[in-house]
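Colleague: Starting from these lines, generate the structure:
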Amino acid sequence: MLNARGLEEAIKLIGYPKGHYVWKDSYVYLMDLNGKMLAHPMQFELTRNEHVLLEIDAAGKAIFGHFVNIAREHGEGWVDYMWPKPGIELISQYKNDSLFFFTIIDNSVCCALYTELHHVIYI
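Modeller: Alright, predicted model coming up:
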């Protein structure tokens, strides 16, 4: 979709919370390799920041920095981290992110998938 429709259209489509890139509690978001969140359907406010590299999860892990490092070094991979499930503000649970790196446009497309509840942290 990025190659076919371009970055601007991808940002609109991925950032739309009721669009095709959101399914149940899983979703796709778009971040560049400088840590700038370009589109996020569940937390639009992340797109307002210069970068999100220092954003931490409920366990204190700088997750987006990990995403960028994996995308640069390996092109794709998985990161486990603690993040609130959409619609649930009191708890976080483990979530896996699949990272895909497109060298043509220098962006990482990430798919956020919640896994079985391994650990709960009240925040």
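
Colleague: Please tell me how far the nearest residue to residue 21 once chain neighbours are set aside sits from residue 50.
Modeller: Excluding the flanking residues, the one nearest residue 21 by Cβ to Cβ, 6 or more residues apart in numbering is residue 28, at 4.1 Å. All C-beta atoms are positioned from the backbone trio N, CA, C, and that covers glycine. Remark: distance between residue 28 and residue 50 (Cβ to Cβ, to the nearest Å) = 22 Å.

Colleague: Compare those two (neighbour count), which wins?
Modeller: residue 28 (23 against 9; other Cβ atoms under 10 Å).

Colleague: which parts of the longest helix along the chain are buried?
Modeller: Using DSSP state H to define each element, the chain has its longest helix at helix 63-74. Under the neighbour-count criterion of 16 or more other Cβ atoms under 10 Å, helix 63-74 has 63, 64, 65, 66, 67, 68, 69, 70, 71 buried.

Colleague: between these, which is closest to residue 110?
Modeller: Residue 110 lies nearest to residue 67 out of the buried residues of helix 63-74, by Cβ to Cβ, at 6.4 Å.

Colleague: I'd like to know which helix or strand in this protein has the lowest mean pLDDT.
Modeller: strand 121-122 (a mean of 36; mean pLDDT, DSSP states H and E).

Colleague: hang on, the earlier thing: direction included, what does the helix or strand that contains the residue nearest to residue 21 pair against?
Modeller: Under the criterion DSSP states H and E, the helix or strand holding residue 28 is strand 26-32. Strand 26-32 has the following strand partners under DSSP bridges: strand 22-23 (antiparallel), strand 37-39 (antiparallel), strand 107-114 (antiparallel).
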